[in-house]
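Peer 1: okay, sequence plus prediction incoming.
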Amino acid sequence: MTTARTTGPTVGPTTGPGRTTDAPSDSDRWTPRLWGALIVLCAALFLDALDTSMVGVALPSIGSSLKLSTSTLQWVVSGYVLGYGGLLLLGGRAADLLGRRRVFLVALAVFAVASLLGGVVDDGGLLIAVRFLKGVSAAFTAPAGLSIITTTFAEGPARNRALSIYTTCGASGFSLGLVLSGLLTSVGWRWTFLMPVPVALVALVFAIRLLPRPTGSERGQGGYDLAGAVIGTGTLLLLVFTVTEAQSVGWASARTIGSLLAVVLLGALFLRIELRAAHPLVRLGIFRNGAVARANLAALTLFGSYAGFQFLATLYLQRLLGWSALSMALGFLPAGALVALSSTRMGAIVDRFGTGRLLPLGVLALLAGYLLFLRLDTHGSMFGLVVPTTVLLGIGFALAFPSANIAATDGVADDEQGLASGLVNTAMQVGGALGLAAVTAVITAGSHGGTSAQAQLAGYRPALLLVAGVALIGLLVTAGGALLDRRRAAAAHPVPDYDYRRATEPVGSALGAERV
């Protein structure tokens with residue numbers, strides 16, 4: 001089980017690449033400037049997550065306005081995920097080598113410009129291209145921001161508190177994006193793209209002033225693994241592209257099978273390069289840390305299941321039940337509210353119970369929510385179906401999302417925090433892309449192209465079972481890891497055997513033995 005460890009103060013000389021001199025120890029009070037820097041980083045992550053979920057609710061309006069087919073409409077979401085998930089590893093390594101602050105500022109500026117373009121384009125192809133560009137920018141802001149936190153705050157309660165606030169802001173953005181999108185879409189779907197622009201610009205201004213400047217060189221040690229960067233990024237891009245396209249060209253088609261074989265070959269080549277490179281893009285030894293490996297698997301299943309569920313729920317509530325975007329937003333409000341309200345307390349909860357316990361509990365709550373939604377029918381109600389489900393999803397995200405991020409970076413050296421951050425974010429985005437593509441394929445196959453209520457339900461139910469199955473895999477991984485950690489801890493610190501014979505001796509006899 002990953003537990004919080006208390007380390008000594010980090011105030012003073014730098015302790016590693018990118019470590020700032022004003023990093024707080026576990027017992028220090030955070031300065032206003034430090035709080036300001038954390039708020040700026042939280043704002044950037046909030047925008048990344050917000051952008052992912054807001055578009056989902058606006059899809060029907062976008063499709064009607066730009067005359068896009070269902071398969072093309074999916075690429076408005078998948079284009080963002082493709083750029084995000086495909087370039088995260090490169091973004092994380094760039095943060096380590098080029099400087100976390102520098103990478104964060106440039107990528108945030110690109111995000112603001114791309115958001116503005118997304119709100120004014122009138123062509124579906126251009127919109128997808130802009131979404132890809134926004135995903136690329138997020139692929140650099142997310143690992144850079146997370147690694148700034150993990151190299152600024154001392155490992156232990158201080159870092160756990162900072163990470164819990166940071167990650168719950170991301171989860172809040174993902175959950176509240178549904179609510180905001182419902183409000184904005186009722187005015188016009190373009191506002192879902194334009195709203196982040198002023199927020200991103202304000203965050204950029206304050207980031208320039210508040211983000212810590214390291215006293216020494218911000219750049220990490222090592223060279224550039226250009227071959228690994230090209231092959232690794234190409235592998236992830238091809239994987240996400242193949243899975244998202246498979247539902248339209250067919251899983252058994254020569255194109256899909258050939259692409260998957262190419263993914264396997266490129267993946268094998270990437271591993272070979274990383275094993276031999278002097279300064280690899282991904283040091284594979286990082287996965288020897290069992291908690292880090294399990295956190296990445298948990299992140300993959302967490303977002304893999306939720307991305308598919310959100311897409312399914314949007315179609316069900318708006319197309320089958322005829323709900324407005326605002327009604328759907330109100331139905332998902334409890335999830336966002338629970339995540340947001342828990343942000344200030346999650347650090348203390350992680351310190352007390354550890355990520356090894358909270359991760360499986362969070363995934364279990366998500367699984368329960370998905371199974372509860374299996375009761376969907378042609379007359380689904382707000383308080384009978386949607387609200388109970390979203391309450392469970394909110395509890396699940398509040399527990400699992402911060403825990404996965406903390407576990408994924410715990411015990412990792414400062415000069416590899418960008419790598420660790422990139423890995424866990426890659427797991428989330430690739431999981432989301434795969435989950436979305438798989439659920440779309442199951443819905444299409446189950447409904448056989450029918451538009452009646454019963455035909456749609458015939459596609460939604462097996463897709464929900466798939467979502468629940470992905471969450472179940474995450475539960476088995478996290479719960480099994482927690483059990484394994486407990487056994488290892490018990491073996492390392494065995495409890496002394498109790499001497500029952502001595503315990504049953506008369507008190508006088510025992511005292512006499514002590515005197516002898």
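Peer 2: Great, that's in hand.

Peer 1: and the helix or strand where R131 lies, what's buried?
Peer 2: According to DSSP states H and E, R131 maps onto helix 124-152. For helix 124-152, the neighbour count (16 or more other Cβ atoms under 10 Å) marks 124, 127-152 as buried. From N, CA and C alone the C-beta is placed, and that goes for glycine too.

Peer 1: list the helices and strands whichever helix in the chain runs longest packs on?
Peer 2: Longest helix in the chain, counting residues (DSSP state H): helix 453-492. Helix 453-492 sits against helix 290-314, helix 355-372, helix 417-447, with contacts defined as 3 or more Cβ pairs under 8 Å, 6 or more residues apart in numbering; DSSP states H and E.

Peer 1: in the helix or strand following the helix holding R131, what's buried?
Peer 2: Following helix 124-152 in sequence order, the next helix or strand is helix 157-185 (DSSP H and E). Buried residues in helix 157-185, counted by 16+ other Cβ under 10 Å: 157-185.

Peer 1: cool, and stretch 380-396?
Peer 2: Neighbour-count burial for stretch 380-396 [16+ other Cβ under 10 Å]: 380, 385-396.

Peer 1: before we move on, what about stretch 411-427?
Peer 2: For stretch 411-427, using 16+ other Cβ under 10 Å, the buried residues are 412, 414-427.

Peer 1: pLDDT on the helix holding R131, on average?
Peer 2: On average, the pLDDT along helix 124-152 is 88.

Peer 1: try stretch 386-404
Peer 2: The model assigns stretch 386-404 a mean pLDDT of 90.

Peer 1: now stretch 456-476
Peer 2: 93.

Peer 1: just give the closest residue to L284, not the sequence neighbours.
Peer 2: E274 (5.7 Å; Cβ to Cβ, 6 or more residues apart in numbering).

Peer 1: name the nearest residue to the residue nearest to the spatial centre of the chain, ignoring sequence neighbours.
Peer 2: In the chain, the residue lying closest to the centroid (Cα atoms, centre = their mean) is M428, at 4.4 Å. Excluding the flanking residues, the one nearest M428 by Cβ to Cβ, 6+ apart is F303, at 4.3 Å.

Peer 1: contacting residues for the one you found?
Peer 2: The neighbourhood of F303, defined by Cβ atoms under 8 Å, 6 or more residues apart in numbering, consists of A427, M428, Q429, G431, G432, G435.

Peer 1: could you work out the most separated pair of these?
Peer 2: Pairwise distances across the contacts of F303 (Cβ to Cβ) peak at 11.9 Å, for the pair A427 and G435.

Peer 1: neighbours around N296, how many?
Peer 2: 23 (other Cβ atoms under 10 Å).

Peer 1: wait, A491
Peer 2: A491: 8 neighbours (other Cβ under 10 Å).

Peer 1: specify the angle between the helix holding R131 and helix 157-185 in degrees.
Peer 2: Relative orientation of helix 124-152 and helix 157-185, computed by axes from the mean of the first three to the mean of the last three Cα atoms, to 10 degrees: 160 degrees.

Peer 1: what packs against the host helix or strand of S65?
Peer 2: Using DSSP H and E, S65 maps to helix 32-66. For helix 32-66, the packing partners by 3+ Cβ pairs under 8 Å, 6+ apart come out as helix 70-98, helix 100-118, helix 124-152, helix 157-185, helix 191-194, helix 196-210, helix 290-314, helix 325-331.

Peer 1: the last one: what's the following helix or strand?
Peer 2: Helices and strands here follow DSSP H and E; after helix 325-331, the next one along the chain is helix 333-341.

Peer 1: what's the angle from that next one to helix 157-185?
Peer 2: Using the same axes, to 10 degrees: helix 333-341 against helix 157-185 is 150 degrees.

Peer 1: need the pLDDT of the residue nearest to M428.
Peer 2: 87.

Peer 1: phi, psi for G396 please.
Peer 2: When read as degrees, to the nearest 10, the backbone of G396 gives phi -60, psi -50.

Peer 1: list the contacts for it?
Peer 2: G362, V363, L364, A365, L366, L367, G369.

Peer 1: adding pLDDT, write those out as a markdown table.
Peer 2: Below are the contacts of G396 laid out as a markdown table (pLDDT from 0 to 100):
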| residue | pLDDT |
| --- | --- |
| G362 | 93 |
| V363 | 94 |
| L364 | 95 |
| A365 | 95 |
| L366 | 95 |
| L367 | 96 |
| G369 | 95 |
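
Peer 1: could those residues go into JSON lines alongside distance to A299 and neighbour count?
Peer 2: Output for the contacts of G396, formatted as JSON lines (distance: Cβ to Cβ, whole Å; neighbours: other Cβ atoms under 10 Å):
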{"residue": "G362", "distance to A299": "11", "neighbour count": "26"}
{"residue": "V363", "distance to A299": "11", "neighbour count": "28"}
{"residue": "L364", "distance to A299": "16", "neighbour count": "21"}
{"residue": "A365", "distance to A299": "16", "neighbour count": "20"}
{"residue": "L366", "distance to A299": "13", "neighbour count": "28"}
{"residue": "L367", "distance to A299": "16", "neighbour count": "23"}
{"residue": "G369", "distance to A299": "18", "neighbour count": "26"}
